[in-house]
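Asks: Quick check, what structure comes out for this input:
(one chain, ligands or ions: 1)
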Amino acid sequence: MTTTYIAILASKGLEHPPTETDIRALGAVWSRGRRVWMAPDETADAIRVLLTGRAACSDCGAPSHGYERCPDCRRGVITGARGR
Ligand SMILES: [Zn+2]
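Replies: Prediction:
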């Protein structure tokens, strides 16, 4: 079984920045060269929430897994309803 790693960029100026220990506990690895966290597929959503401080969709408030918008609202953006 192979684990896929996803690059996640930490947001700057978070009110409650996560500790490196918290992020590593979820299996993430710091990529010195790329200056991003590499998060395993299984815990990537949780790590993304920690690193970006975004837990809820800015449009509808549904869980957004660390993205600005939830999957439904992102789909809306892609299919033409232009947001910010
Ligand atoms: Zn939404």
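Asks: wait, what's in contact with Ile6?
Replies: By C-beta atoms under 8 Å, 6 or more residues apart in numbering, the contact set of Ile6 is Met38, Ala39, Pro40, Asp41, Ala44. C-beta here means a position set from N, CA and C on the backbone, and glycine is covered the same way.
Asks: tally of neighbours for the fourth one?
Replies: By the other C-beta atoms under 10 Å criterion, the neighbourhood of Asp41 contains 12 residues.
Asks: right, and it touches Met1 too?
Replies: No. Using C-beta atoms under 8 Å, Asp41 makes no contact with Met1, being 10.8 Å away.
Asks: which intervals of this protein have sub-threshold pLDDT?
Replies: Low-confidence segments of the chain, defined by pLDDT under 70: 77-84.
Asks: For it, which residues are neighbours of the ion?
Replies: Cys57, Asp59, Cys60, Ala62, Cys70, Cys73 (C-beta under 5 Å from the ion).
Asks: quick one: buried residues of the strand or helix carrying Gly76?
Replies: Gly76 is part of helix 71-78 when elements are defined by DSSP states H and E. The neighbour-count check on helix 71-78 (16 or more other C-beta atoms under 10 Å) flags Cys73, Arg74, Gly76 as buried.
Asks: Out of these, which is nearest to Arg24?
Replies: Taking C-beta to C-beta as the measure, Arg24 sits nearest to Arg74 out of the buried residues of helix 71-78, at 28.4 Å.
Asks: how close does the closest residue to that closest one other than its chain neighbours sit to Leu51?
Replies: Counting by C-beta to C-beta, 6 or more residues apart in numbering, Arg74 lies nearest to Tyr67, which is 6.7 Å off, once chain neighbours are set aside. Taking C-beta to C-beta, to the nearest Å as the measure, Tyr67 falls 12 Å from Leu51.
Asks: what about the two, which has more around it?
Replies: More crowded of Tyr67 and Leu51, by other C-beta under 10 Å: Leu51, with 22 against 17.
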